[in-house]
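**Student:** I need the structure of the sequence given here:
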Amino acid sequence: MDHNLSLCNKQGEVKSTSSPVQPPIRYRRPHPRQPGRHHSTKIRDNSPPRNIHSNIHPSDLERLKTLPPSDLLSQLVSTNSITIQGRETHSIILAQLTNLLQRKFMKIKLNPISSVIGYDTSQVEILVENFSEKDHSKCEINSVASQVAQILRTSNLTQVRIDNVQLFRKEGFQSMRFVARTSTIGEADVFLSFVNVGQVQLSRLVTFYLKLHPVIEPVTKLVQLWADYHQFYEISRECLTWMVLMYAGYEEIIPSVARMQSFLKYPEDKVNGWDVTIPLQTDGVKILSEFPPSIPTNSSDDFAATVMELVKEFFHYYAKLDFEKDFVCTNTLQIVSKTALAAGSMPKPHEEEGILKYFKWFGNKPKNEKPLFDIPTSFCIQNPLCLNHNLARGVRKEIITHFQHVCSTTYKHMEANPPVISFFDTLFPIPSTFMARIRPKKYIPVEDLQNIVTLVYTSLKKSSPHETCASGWLGLRIKPPKNFVYQFAFSMNELNITQVLGSWLLFRKLEIFWGTMVDDFLQTFLQKSFNTVITQKEQNTVENLRSKQPRKSRKYVEILFAKTNPATLQCSPDKFRKVNISSKTSVVESLEKLIQPIVGFMTCTILKCTCSTPLVHLKFERDTNCGEILPPAKRMAIESPFDQMCESLHQTENTGDEPLHFEIFVKMESHLGYSLPIIEVVFRSVDDKEMKSIQVLAEAISQSFPKYAMDRLRSLLRCED
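**Tutor:** Numbering: from 1, shown residues only. Next up, the predicted model:
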């Protein structure tokens with residue numbers, strides 16, 4: 001099976017939370033290219049204009065309610081735990097990159113962002129220390145980044161192959177993204193950010209806090225899952241983490257950064273006038289003995305109940321906070337008046353430490369350093385090390401108003417009689433009049449996205465296939481097969497069509513072809529091969545409102561077509577199928593027919609299906625059904641996978657003659673030219689007993705699609721056999 005298309009049921013590490021042993025949590029937030037994050041599109045939020053009574057299937061909800069709170073918490077916090085394979089992937093990539101880059105740049109230090117809750121086997125984030133615009137000129141940073149990119153493009157590493165190197169800016173820092181492929185694990189998206197020491201120290205500080213007390217990491221995990229459910233993507237993960245830490249400091253579970261710095265008395269490490277000294281990981285026991293937490297680390301109380309109580313009080317704390325008048329000083333874990341700081345007046349006693357530290361820095365601040373972080377903004381979460389930076393910059397007033405409304409509603413719901421003790425009971429849609437004013441005309445109803453969020457977080461990674469089948473859900477990730485994009489670009493260069501239509505327009509045509517082809521495959525494959533009737537199809541789209549595509553996306557496309565130019569091709573030409581030059585006219589005509597608008601910035605499709613033929617009878621009907629998808633010459637693309645699949649059918653339980661009912665959730669996001677969209681497919685069966693048959697369907701799609709996709713592309717390009 002192609003590694004680009006695999007069932008998403010990797011094994012996660014599950015540890016019981018019945019005792020106060022810290023569970024291993026690594027939780028990845030959704031792709032940053034969500035509405036309202038990291039790009040300038042006007043699409044900001046997807047809240048529904050109407051009341052939604054339920055977003056979870058009733059049978060699933062009842063089953064989840066029967067789980068003991070400790071078991072449910074364990075399931076939630078370990079869903080996306082980093083696996084052994086993930087650790088191996090990270091260590092291989094880090095070691096290889098360090099070896100490679102330090103030959104050229106002696107001062108470079110690579111730091112994996114271990115504080116990010118949720119990077120797993122498919123994503124590695126690394127901070128490149130000692131190269132930032134605070135320490136070097138912008139031209140020097142760009143020069144270093146370009147040299148690093150060139151080294152990566154021409155590298156010949158023993159254990160890692162690097163592709164698709166792209167430069168961009170992320171949160172004010174020069175950054176780089178590429179795909180690293182390892183021989184044993186698969187592929188991973190790697191992000192390099194050229195930052196200063198202060199940013200590296202901030203990442204390490206978060207890691208220290210998450211390990212300091214057993215309750216911190218689960219509470220952070222649940223708050224971030226809750227924020228994802230309600231689509232608060234403008235509030236970054238770092239900001240949410242520090243909001244949790246601020247509340248933990250209010251409850252006296254953890255000490256402040258300022259108190260730890262004063263107690264440890266390490267030599268100061270200055271960045272732009274600020275003390276960025278942080279505790280070492282080995283200082284945890286010493287810190288806890290000096291600043292005993294209000295909740296003992298070895299408490300015998302029920303761990304799940306303690307975590308849920310802290311989550312509830314977190315909502316209450318931020319629901320009543322006045323963000324217009326106050327801001328969060330994370331250095332001292334205090335709430336400070338904006339007016340007092342802006343006017344320079346004497347602080348109140350409880351604010352003294354945070355404000356005096358700021359005024360002391362202000363009197364000796366470096367030249368050209370910004371004196372105040374954005375005081376007039378509606379939402380200020382201070383950087384705990386560099387106090388003139390706002391971690392919540394760019395978050396609008398409407399989002400914060402809605403955030404507090406949802407916090408208040410969730411808190412009241414958890415305070416109901418009887419009180420809510422299951423985290424799943426806190427995930428329910430909450431409409432708001434504030435979001436109606438900023439919602440685009442076409443949007444994805446939030447219940448559709450919430451369905452997918454709930455399914456992915458609770459089902460895609462289980463400890464065994466049996467549990468995956470029993471859950472009623474099964475996930476599948478569809479990526480373009482190997483050489484799919486390169487074959488297209490190579491053929492366009494070979495026929496000189498690039499000169500006719502242009503590389504950017506051709507890539508948009510390919511994206512349209514990819515989206516329609518996947519949609520055709522899912523429907524045609526099910527209908528023709530499994531006698532499946534699609535009884536209902538719902539599709540909701542968020543349109544991309546950009547008038548012009550970003551320059552960095554165009555640069556990626558230009559590099560793609562330049563790399564596959566036959567005149568300068570670096571790889572062996574036999575990797576691609578040749579195209580008959582006489583077919584140029586027919587290929588251009590086929591491409592011009594691809595005028596259907598791309599499905600949008602993000603599309604969520606729900607297919608409700610009924611399979612009338614029992615899967616146990618499939619072997620006898622395969623010869624008459626499967627050949628209808630492809631012409632006879634290409635029928636072998638799916639016949640072999642069907643043979644293997646039919647062998648596994650004899651090991652499944654006989655489902656009798658009853659029809660099979662199931663739903664398919666299909667989510668596709670346009671990545672604005674970086675690559676073709678990755679398509680997330682989640683199968684949900686009405687009856688858990690039918691999941692073995694659903695697994696057969698998913699496995700058949702997984703095995704058949706890569707060959708089918710390449711055949712469709714070669715048919716479009718009139719490639720020679």
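
**Student:** can you pull out the helices in the stretch 451-600 of the chain?
**Tutor:** 465-470, 484-494, 498-501, 503-530, 551-563, 584-592 (DSSP state H, counting those that start in this stretch).

**Student:** out of those helices, which comes closest to T98?
**Tutor:** Each of the helices of the stretch 451-600 of the chain has some distance to T98 by Cβ to Cβ; the shortest is helix 551-563, at 25.6 Å. Yep, even glycine has a C-beta here, placed from its N, CA and C like the rest.

**Student:** doesn't E690 make contact with E663?
**Tutor:** No - the pair E663 / E690 is not scored as a contact, 11.8 Å apart, by Cβ atoms under 8 Å.

**Student:** between the two, which has more neighbouring residues?
**Tutor:** More crowded of E663 and E690, by other Cβ atoms under 10 Å: E690, with 21 against 17.

**Student:** what separation do you get for that one and Q527?
**Tutor:** 19 Å (Cβ to Cβ, to the nearest Å).

**Student:** next: N390.
**Tutor:** Per Cβ to Cβ, N390 is found 53 Å from Q527.

**Student:** and what of R577?
**Tutor:** Relative to Q527, and taking Cβ to Cβ, R577 is found at 29 Å.

**Student:** swap in D322?
**Tutor:** Distance, D322 to Q527, by Cβ to Cβ: 57 Å.

**Student:** those two: who's more crowded?
**Tutor:** Ranked by neighbour count (other Cβ under 10 Å), D322 and Q527 place Q527 first, with 17 against 10.

**Student:** residues contacting the residue nearest to D326 when sequence neighbours are not counted?
**Tutor:** Nearest residue to D326, sequence neighbours excluded (Cβ to Cβ, 6 or more residues apart in numbering): I335, at 4.9 Å. Residues near I335 by Cβ atoms under 8 Å, 6 or more residues apart in numbering: L321, D326, F327, V328, C329.

**Student:** now the third one: phi and psi?
**Tutor:** Translated: F327. Note on F327: its backbone torsions stand at phi -140, psi 160 [degrees, to the nearest 10].

**Student:** which residues does W274 contact?
**Tutor:** G198, W361, L385, C386, L387.

**Student:** mind putting those residues into a markdown table with distance to V307?
**Tutor:** Formatted as a markdown table, the contacts of W274 follow (distance: Cβ to Cβ, whole Å):
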| residue | distance to V307 |
| --- | --- |
| G198 | 31 |
| W361 | 37 |
| L385 | 28 |
| C386 | 31 |
| L387 | 30 |
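
**Student:** closest to K265 among those?
**Tutor:** L385 (16.9 Å).

**Student:** the closest one contacts N331, correct?
**Tutor:** Yes - with contacts counted by Cβ under 8 Å, L385 reaches N331, the gap being 7.3 Å.

**Student:** what do these two both touch?
**Tutor:** Listed as contacting both L385 and N331 by Cβ under 8 Å, 6+ apart are V257.

**Student:** isn't I430 up against H405?
**Tutor:** Yes - I430 is within contact range of H405, at 7.2 Å (criterion: Cβ under 8 Å).

**Student:** between the two, who's got more neighbours?
**Tutor:** I430 (20 against 17).

**Student:** contacting residues for that one?
**Tutor:** Here I430 is in contact with H230, H405, V406, T409, T410 (Cβ under 8 Å, 6+ apart).

**Student:** quick one: secondary structure of it?
**Tutor:** Classification of I430 by DSSP: H, G, I helix; E, B strand; the rest coil places it in coil.

**Student:** now it: phi and psi?
**Tutor:** When quoted as degrees, to the nearest 10, the phi and psi of I430 stand at phi -130, psi 100.

**Student:** low-confidence ranges, the stretch 401-550 of the chain, go.
**Tutor:** Within the stretch 401-550 of the chain, the stretches with pLDDT under 70 are 432-473, 528-531, 538-550.

**Student:** now with 50, please.
**Tutor:** Counting by pLDDT under 50, the stretch 401-550 of the chain shows low-confidence ranges at 439-446, 449, 453, 455-470, 544-550.

**Student:** circling back: can you tell me which of the helices of the stretch 451-600 of the chain is most buried?
**Tutor:** Ranked by mean neighbour count, these are led by helix 484-494 with a mean of 22 (mean count of other Cβ atoms under 10 Å).

**Student:** what packs against it?
**Tutor:** For helix 484-494, the packing partners by 3 or more Cβ pairs under 8 Å, 6 or more residues apart in numbering; DSSP states H and E come out as helix 503-530, helix 551-563, helix 691-717.

**Student:** I'd like the contacts of W274 as CSV, with distance to K707, pLDDT and neighbour count appended.
**Tutor:** Listed next are the contacts of W274 as CSV, based on distance: Cβ to Cβ, whole Å; pLDDT from 0 to 100; neighbours: other Cβ atoms under 10 Å:
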residue, distance to K707, pLDDT, neighbour count
G198, 50, 77, 21
W361, 62, 57, 19
L385, 53, 85, 23
C386, 53, 80, 23
L387, 57, 78, 23
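
**Student:** just say helix, strand or coil for K667.
**Tutor:** Put simply, K667 is strand when judged by three-state DSSP.
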